[in-house]
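K.L.:
Model the following, please.
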Amino acid sequence: MRWLILVAALMSSLHAFGASRADARNDEKLREFLQQTINQASSFKDRFDAEVWLVSMNGKMDAFKNLDNADRLRILKSVHQEATQAKLKPELVLAVIEVESRFDHFAISRVGAQGLMQVMPFWKDEIGRPLDNLTAIETNIRYGCRILQYYLQREKGNVRFALARYNGSYGQSWYSERVMNAWRDRWYSGMLEPSLQ
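P.N.:
Predicted structure coming up:
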């Protein structure tokens with residue numbers, strides 16, 4: 001019975017979820033992009049810079065009490081690796097994670113999005129990887145970074161529009177503003193304000 005209630009709630013929520021996510025499922029280019037990039041792996045290119053970054057970002061994670069030190073390090077290393085590989089700013093990805101899940105890698109939204117970056121499970125089937133576990137830290141961050149990378153390319157570098165597409169709120173500004181505020185207020189470590197393009 002609980003399962004039927006969950007399915008009914010999911011179906012009713014999908015309508016409210018917005019056309020952008022529904023359109024994304026049918027977006028052949030995004031599916032192909034994910035298939036091509038999801039298996040790529042890399043490591044830090046400059047070990048010293050990566051370690052400085054890890055220490056700096058680790059201190060900023062104190063607000064998230066649900067994480068032990070091992071999970072923090074796994075998340076930070078994965079974010080740095082996957083964001084760099086996807087040509088994203090790692091701090092922006094951390095802001096997305098803060099807004100999407102507050103760093104709960106077991107988070108599941110009312111519409112079924114899973115993990116740190118709240119990735120919809122249909123992507124596993126769309127790219128031919130049905131056994132992937134979206135609550136696994138590295139897997140979820142890899143998917144989320146590649147999806148965000150695709151939308152950033154599609155929006156010709158406009159971070160706000162790409163974030164709105166990622167969230168399924170294209171045409172609205174509330175989600176992009178939340179992420180940009182988190183990026184600026186907690187994660188951004190540069191001398192100038194993050195690009196608000």
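
K.L.:
Point out the other helices and strands that whichever strand or helix holds residue 83 packs with.
P.N.:
With secondary structure defined by DSSP states H and E, residue 83 is part of helix 69-85. The contact analysis (3 or more C-beta pairs under 8 Å, 6 or more residues apart in numbering; DSSP states H and E) places helix 69-85 against helix 47-60, helix 90-101, helix 137-154. Any C-beta I mention is one placed from the backbone N, CA and C, and that applies to glycine too.

K.L.:
so where is this structure shaky, pLDDT-wise?
P.N.:
1-27, 30-31, 33-47, 190-197 (pLDDT under 70).

K.L.:
at 50 what do you get?
P.N.:
Where the chain drops to pLDDT under 50, the residues are 1-22, 40-43, 191-193, 196-197.

K.L.:
Tell me the secondary structure at residue 172.
P.N.:
Three-state assignment for residue 172 (DSSP: H, G, I helix; E, B strand; the rest coil): coil.

K.L.:
Quick one: residues contacting the spatially closest residue to it that is not a sequence neighbour.
P.N.:
Nearest-residue entry for residue 172: residue 164, 6.4 Å, with adjacent residues in sequence omitted and distances by C-beta to C-beta, 6 or more residues apart in numbering. Neighbouring residues of residue 164 by C-beta atoms under 8 Å, 6 or more residues apart in numbering: 20, 170, 171, 172, 173, 175, 176.

K.L.:
Reformat the helices and strands packed on helix 69-85 as JSON lines; add mean neighbour count and distance to residue 72.
P.N.:
JSON lines is the format used below for these (neighbours: other C-beta atoms under 10 Å; distance: least, C-beta to C-beta, whole Å):
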{"stretch": "helix 47-60", "mean neighbour count": "13", "distance to residue 72": "6"}
{"stretch": "helix 90-101", "mean neighbour count": "24", "distance to residue 72": "11"}
{"stretch": "helix 137-154", "mean neighbour count": "23", "distance to residue 72": "10"}
